[in-house]
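[1] Any chance you can model this:
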Amino acid sequence: MNRRKQMLIDIMAYEFTAIELNLYLDTHPGDERALDLYNQTVCILKELKRDYEDRYGPLTNFGDTGSEYPWRWVDEPWPWQLNFAD
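    As a prediction, the model looks like this:
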């Protein structure tokens with residue numbers, strides 16, 4: 001698997017974890033351990049997204065990093081164009 005695909009898989013895994021922890025914290029707001037894990041996860045996720053966008057361009061049309069000229073958002077493969085089986 002190439003580096004780009006591995007980075008996307010890592011981002012998806014951390015996004016899933018952040019969402020699950022967010023949902024858990026909605027019903028368990030006093031769980032300090034879960035809150036610490038959530039904050040660590042979000043920090044790592046931000047770094048992963050920033051690194052990906054620096055290397056390959058924006059993940060979304062309103063990504064964490066600025067867009068260079070020319071506009072690159074439309075040049076990236078769409079999710080259904082990626083083959084994660086490779």
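[2] secondary structure element for the residue nearest to the spatial centre of the chain?
    By CA atoms, centre = their mean, the chain has its centre lying nearest to Ile11, at 3.7 Å. Assessed by DSSP states H and E, Ile11 sits inside helix 3-27.
[3] what secondary structure does the residue of the chain most remote from its centre sit in?
    Centroid-distance maximum for the chain: Gly30 at 26.2 Å, with CA atoms, centre = their mean. Here Gly30 is coil, with the state taken from DSSP: H, G, I helix; E, B strand; the rest coil.
[4] next one: Lys49
    Assigned with three-state DSSP, Lys49 falls in the helix class.
[5] Wait, it touches Asp10, no?
    No. Using CB atoms under 8 Å, Lys49 is not in contact with Asp10, being 10.0 Å away. Heads up, the C-betas are built off the backbone N, CA and C, glycines and all.
[6] who has more neighbours, these two?
    Comparing Lys49 with Asp10 by neighbour count (other CB atoms under 10 Å), the higher total belongs to Lys49, at 21 against 16.
[7] Near Ala34, how many residues? Count them for me, please.
    When neighbours are counted by other CB under 10 Å, Ala34 registers 16.
[8] list the contacts for it?
    Contact criterion CB atoms under 8 Å, 6 or more residues apart in numbering gives 21, 24-25, 28 as the residues in contact with Ala34.
[9] Pull out the buried members of those residues.
    Using 16 or more other CB atoms under 10 Å as the burial test, the contacts of Ala34 include Leu21 as buried.
[10] of the contacts of Ala34, closest to Asp36?
    For the contacts of Ala34, the minimum distance to Asp36 (CB to CB) is 10.0 Å, reached by Leu21.
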